[in-house]
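[1] Quick one, fold the following:
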Amino acid sequence: MQCTRGIFAIALAALPLSAHHALALRYDLNQSVTVHGTVRKVEWANPHVRLFVDTEASNPSDVMHWELEMASPNLLILNGLKIDSLRPGDHVTVSAYPARDGSYEGYAHKVTYAPK
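    Predicted structure coming up:
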């Protein structure tokens, strides 16, 4: 983790991505997408936390609804993330490995947000 100028970033890139659940089969680990948006919800459940982000758009019909898989709840807590660190309405920037099928899904390897 790194805390700089009021921005709190969780770096998840060091995780063994190819081991658990064969992430390389579902996500393209050679690509990265950046998602800027608003947290819709966060699901804390095993085996992975799921972060749902709506992108910002001037036209409401253009909003993309992203579902981003994160590390396990235990690993995130051990690295300093709390269950209430990300709340609906928070603005986030997420770097993620995109889904191979082109859907609005990914595996988050970095989440940046303003701490409360």
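[2] so how far is Asp84 from Pro60?
    According to Cβ to Cβ, to the nearest Å, Pro60 and Asp84 sit 28 Å apart. No exception for glycine: its C-beta is placed from N, CA and C like everyone else's.
[3] do the same with Glu69
    20 Å.
[4] quick one: which of these two has more around it?
    Glu69 (20 against 9; other Cβ atoms under 10 Å).
[5] per-residue pLDDT, that one?
    Glu69 carries a pLDDT value of 96.
[6] What backbone torsions are found at it?
    Here is the backbone geometry of Glu69 (degrees, to the nearest 10): phi -80, psi 140.
[7] and the helix or strand that contains Ala96, which residues are buried?
    Element membership for Ala96, per DSSP states H and E: strand 91-98. The neighbour-count check on strand 91-98 (16 or more other Cβ atoms under 10 Å) flags Val92, Val94, Ser95, Ala96, Tyr97, Pro98 as buried.
[8] Looking at the residues you listed, which one is closest to Leu29?
    Checking the buried residues of strand 91-98 against Leu29 with Cβ to Cβ, the nearest one is Tyr97 at 5.2 Å.
[9] what is that closest one paired to in the beta sheet?
    For Tyr97, the beta-bridge partners under DSSP bridges are Tyr107.
[10] Pull the contacting residues for it.
    Leu17, Leu23, Tyr27, Asp28, Leu29, Gln31, Ser32, Val33, Gly106, Tyr107, His109 (Cβ atoms under 8 Å, 6 or more residues apart in numbering).
[11] In strands, which of the residues you listed appear?
    Val33, Gly106, Tyr107, His109 (DSSP state E).
[12] Need the distance between the two termini of stretch 23-33.
    16 Å (Cα to Cα, to the nearest Å).
[13] Compute the number of surrounding residues for Arg26.
    Arg26: 16 neighbours (other Cβ under 10 Å).
[14] That one against Ala99, yeah?
    Yes - with contact defined as Cβ atoms under 8 Å, Arg26 counts as touching Ala99 (6.4 Å).
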